[in-house]
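Chemist: Any chance you could fold what I've pasted below:
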Amino acid sequence: MKQMRCGGPYVMALILIVILSFCPGCVSGPSVQNQTVPPSTPPADLKVTALTEYNATHQTYSLDDAMAAIVTDNQIRAGNGAQQNFSLCYIEGTNVELSGKAEHWLFGVCGDHTTSMIGYDSHGISRMNWSQGMSDQMIDTGSLLSPAKIIGIAYPGRLAITIPQLEVRNSEYILTAPQGETPQEFTINTTTGVLIATYD
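Modeler: The predicted structure is shown next:
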């Protein structure tokens, strides 16, 4: 008695027929373009936050850290013929927190025959030559009160505030208040902390 053998193509065809018989929707049915999808209702516990409410984290730096970074950078550059000794005649902090840390620090550096601006922020150190006028009075950083102390003098008892601009020049701190705050500007002595003037 002869045994019948099923060839490979017949077995494959049989398997394909069985599979297609179980999923007729895969090969036929109405066009997707003609179907309407009912609107779905999000679950009650789903919370959606608007993108405008998202606060990206940002880095802030103390004045001491920023000054230390530019001093170190200047010492490294001194090996390449850069001027090693310099004096600061202007300091500016942008978006300064109550802690005295700022997003960006800008320093006016007065040398013997040159004036330059050095910036320090999350991108590192940037330098540019400065041809416009700048104060001749050097800043005594050793006796300079910290930005945190100065902000505390201007805003006693505040738990949080961000100063858009804080400047040091001519022995004075000049604080620009956030929008909507009064007074709009404070002038405070850099070494004594005495309030010199306010402007509305």
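Chemist: At which residues are the strands of this protein located?
Modeler: Listed in chain order, the strands of the chain (DSSP state E) span 87-97, 102-110, 115-121, 124-129, 162-169, 172-176, 185-189, 195-199.
Chemist: Report the angle between the last one and strand 172-176.
Modeler: It refers to strand 195-199. 30 degrees (axes from the mean of the first three to the mean of the last three Cα atoms, to 10 degrees).
Chemist: Please apply the same query to the longest one.
Modeler: In terms of direction (the same axes, to 10 degrees), strand 87-97 departs from strand 172-176 by 30 degrees.
Chemist: can you pull the alpha-carbon coordinates of strand 87-97 into PDB?
Modeler: Coordinates of each C-alpha in strand 87-97 appear next as PDB, following Å, rounded to 0.1, in the frame of the first residue of the first chain:
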ATOM      1  CA  SER A  87      40.000  95.400  37.500                       C
ATOM      2  CA  LEU A  88      36.200  95.400  37.300                       C
ATOM      3  CA  CYS A  89      34.400  98.700  36.700                       C
ATOM      4  CA  TYR A  90      31.000  97.300  36.000                       C
ATOM      5  CA  ILE A  91      28.900  94.200  37.000                       C
ATOM      6  CA  GLU A  92      25.500  93.300  35.700                       C
ATOM      7  CA  GLY A  93      23.300  90.300  36.700                       C
ATOM      8  CA  THR A  94      20.200  89.200  34.700                       C
ATOM      9  CA  ASN A  95      17.200  87.500  36.300                       C
ATOM     10  CA  VAL A  96      18.700  87.500  39.800                       C
ATOM     11  CA  GLU A  97      17.000  85.400  42.400                       C
END
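Chemist: and that strand, what does it pack onto?
Modeler: Packing partners of strand 87-97 (3 or more Cβ pairs under 8 Å, 6 or more residues apart in numbering; DSSP states H and E): helix 63-78, strand 102-110, helix 147-154, strand 162-169. Where C-beta positions appear, they are placed from N, C-alpha and C, glycine not excepted.
Chemist: Tabulate those (JSON lines), appending mean neighbour count, distance to S126 and mean pLDDT.
Modeler: JSON lines is the format used below for the helices and strands packed on strand 87-97 (neighbours: other Cβ atoms under 10 Å; distance: least, Cβ to Cβ, whole Å; pLDDT from 0 to 100):
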{"stretch": "helix 63-78", "mean neighbour count": "15", "distance to S126": "10", "mean pLDDT": "85"}
{"stretch": "strand 102-110", "mean neighbour count": "21", "distance to S126": "9", "mean pLDDT": "91"}
{"stretch": "helix 147-154", "mean neighbour count": "20", "distance to S126": "21", "mean pLDDT": "94"}
{"stretch": "strand 162-169", "mean neighbour count": "19", "distance to S126": "18", "mean pLDDT": "93"}
